[in-house]
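Participant: Dropping a prediction and its sequence here:
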Amino acid sequence: MSGITVPQASPGAAYRALKPEIDAAVARALESGWYILGQEGRAFEAEFAAWLGAGTAVGCGNGTDAIALALRGLGIGPGSTVVTVSHTAVATVAAIESTGATPLLIDIEPHHYTMDPAELGSVLASPPPGLPPIRAVIPVHLYGQVADVEVIGSLCRRYGALLIEDCAQAHGAKRNNRMAGTFGDAATFSFYPTKNLGALGDGGAVVARDPELAGRIAALRQYGWTRHYISDVVGVNSRLDELQAAILRVKLTYLHAGNTRRREIARVYDGVLGSRAPLRRRGSEHVYHLYVVRVPERDAVQARLRERGIGTGIHYPVPVHLQPAYEGRIALGPSRCVETERAAASVMSLPLYPELTEAQVAQVCGALDW
Ligand SMILES: *Cc1c(COP(=O)(O)O)cnc(C)c1O
């Protein structure tokens, strides 16, 4: 018995809220007799690209594979450096290394937790010695907030680097009225169950600006097949299955309402927290994948919240460059990721998802007294 009455995330609540529609979609997919890359997947790809308003979507196995497929489709692998942040899901860096490319990790802006464009400018102007040329940049739109992607994009154009947006936490987020995922050469999404658009299993997608790139990625996700059983290039197996696609088609129709509800709850928390509330970037529409505060003596605060039935999370407790699998062998930018290390020591995520009840929101508000 955990005694937690307000978990930090609750994918089960999201299923229960839409159970009749999801069950019907699953039944339809099961009865169709076709389970991988069929009409549900094609329909979801078309609906997802239409929702984004740009590009061609290609479903795949998960958000990590989406990043790797985007890189491979763009010709990035051994002999290329890819710049991203250390304050992210380890998936971003794992995906870069899986292609054979070399990651270079830079710091975040401390108030928005996204890639510091000033440091990006400095590594593009004078790359750290000993690395292959920088060919791509992956900003992560973390916690539901778009990175300073216009400045990052103009730096990429100036230095001839490709721009891939990691949108795993930013389905529906906007910057100056433009959707996250429409700024780069490609954008990648995860449909892990807790994401703003979540499957009931694994799923992911790449959205490519260029339809030819989408075609290359569609081949890469299935053994490099461009024709049946003929591999013209070396590919992988990373497909979105029909059950998940059918579920995602239902959930996509509720994504906007879910993001609106997330923002409403965030405003309630903001009101209680005052100057301790997380900052929103001006001109941006945050979708609050996570509601992240900084707390002193985090262990004690988490324990007090737990006693009151409230679950919290830490995203992320250890920066990628300090994790055992990476420590001491990953190239860092000149700032040595100091703001990343500070953030990792004090961030805490409160419960935030559309299915929270008013009573649960009130329960959280009553406990924000560190
Ligand atoms: C979840 C996530 C991923 C990875 O997605 P999976 O579907 O779990 O592979 C990548 N990047 C970020 C920022 C994420 O939050």
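Facilitator: Cool, the structure landed. Numbers count the residues shown, from 1 in each chain.
Participant: Run through the neighbouring helices and strands of the helix ranked longest in the chain.
Facilitator: Ranked by residue count and defined by DSSP state H, the top helix of the chain is helix 255-273. Using 3 or more C-beta pairs under 8 Å, 6 or more residues apart in numbering; DSSP states H and E as the contact criterion, the neighbours of helix 255-273 among helices and strands are strand 291-294, helix 358-365. For the C-beta atoms, the positions are set from N, CA and C on the backbone; glycine is no exception.
Participant: What residues sit buried inside it?
Facilitator: Using 16 or more other C-beta atoms under 10 Å as the test for burial, helix 255-273 gives 255, 258-259, 261-263, 265-266, 269.
Participant: Give me the distance from it to the chain's centre.
Facilitator: 19 Å (C-alpha atoms, centre = their mean, to the nearest Å).
Participant: Which residues does that helix contact?
Facilitator: With contact meaning C-beta atoms under 8 Å, 6 or more residues apart in numbering, helix 255-273 is reached by 51, 144, 171-172, 196-197, 277-278, 286-289, 291, 293, 350, 352-354, 356, 361, 364-365, 368.
Participant: Among the residues you listed, which are located in helices?
Facilitator: Checked against DSSP H, the contacts of helix 255-273 include these in helices: 51, 361, 364-365.
Participant: which stretches of the chain aren't confidently modelled?
Facilitator: 1 (pLDDT under 70).
Participant: what does it have sitting close to the ligand?
Facilitator: Selection of the chain residues close to the ligand by C-beta under 6 Å from any ligand atom yields 62-64, 88-89, 91-92, 140, 166, 168-169, 190, 192, 202, 204.
Participant: Go through those and single out the one with the most neighbours.
Facilitator: Note: the member of the residues of the chain next to the ligand with the most neighbours is D166, at 31 neighbours, neighbours being other C-beta atoms under 10 Å.
Participant: Distance check, the residue in the stretch 51-200 of the chain that the ligand sits nearest to against I96.
Facilitator: Among all residues of the stretch 51-200 of the chain, G63 sits closest to the ligand, at 2.5 Å; criterion: C-beta to the nearest ligand atom. Taken as C-beta to C-beta, to the nearest Å, the spacing of G63 relative to I96 amounts to 13 Å.
Participant: check contacts around V233.
Facilitator: Contacts of V233 were listed using C-beta under 8 Å, 6+ apart, and they are 216, 219-220, 224, 226.
Participant: and if you look at L356?
Facilitator: L356 touches 6, 265, 364, counting by C-beta under 8 Å, 6+ apart.
Participant: domains of the protein?
Facilitator: By the record's domain assignment, the chain is partitioned as 13-106+113-252, 255-365 (automatic domain parsing).
Participant: which one of those is the most hemmed in?
Facilitator: Among the domains of the chain, ranked by average contacts under mean count of other C-beta atoms under 10 Å, first place goes to domain 13-106+113-252 (a mean of 20).
Participant: How about S190: what's its closest non-neighbour residue?
Facilitator: Nearest residue to S190 in three dimensions, chain neighbours excluded: G63, at 2.4 Å (C-beta to C-beta, 6 or more residues apart in numbering).
Participant: Would you mind listing the residues in contact with T81?
Facilitator: Under the criterion of C-beta under 8 Å, 6+ apart, the neighbours of T81 are 101-104, 127, 131-135, 331.
Participant: typo on my end, it should be S346
Facilitator: Under the criterion of C-beta under 8 Å, 6+ apart, the contact partners of S346 comprise 294-296, 298.
Participant: I'd like to know which of those residues is nearest to P317.
Facilitator: Nearest to P317 among those, counting by C-beta to C-beta, is R298 at 9.3 Å.
Participant: looking at it, that closest one is touching G313, isn't it?
Facilitator: No: no contact is recorded between R298 and G313 when judged using C-beta atoms under 8 Å, the distance being 11.2 Å.
Participant: Overlap of the contact sets of the two?
Facilitator: Each of M348 lies in contact with both R298 and G313 under the rule C-beta under 8 Å, 6+ apart.
Participant: give the contact list for A277.
Facilitator: A277 makes contacts with 269-270, 293, as judged by C-beta under 8 Å, 6+ apart.
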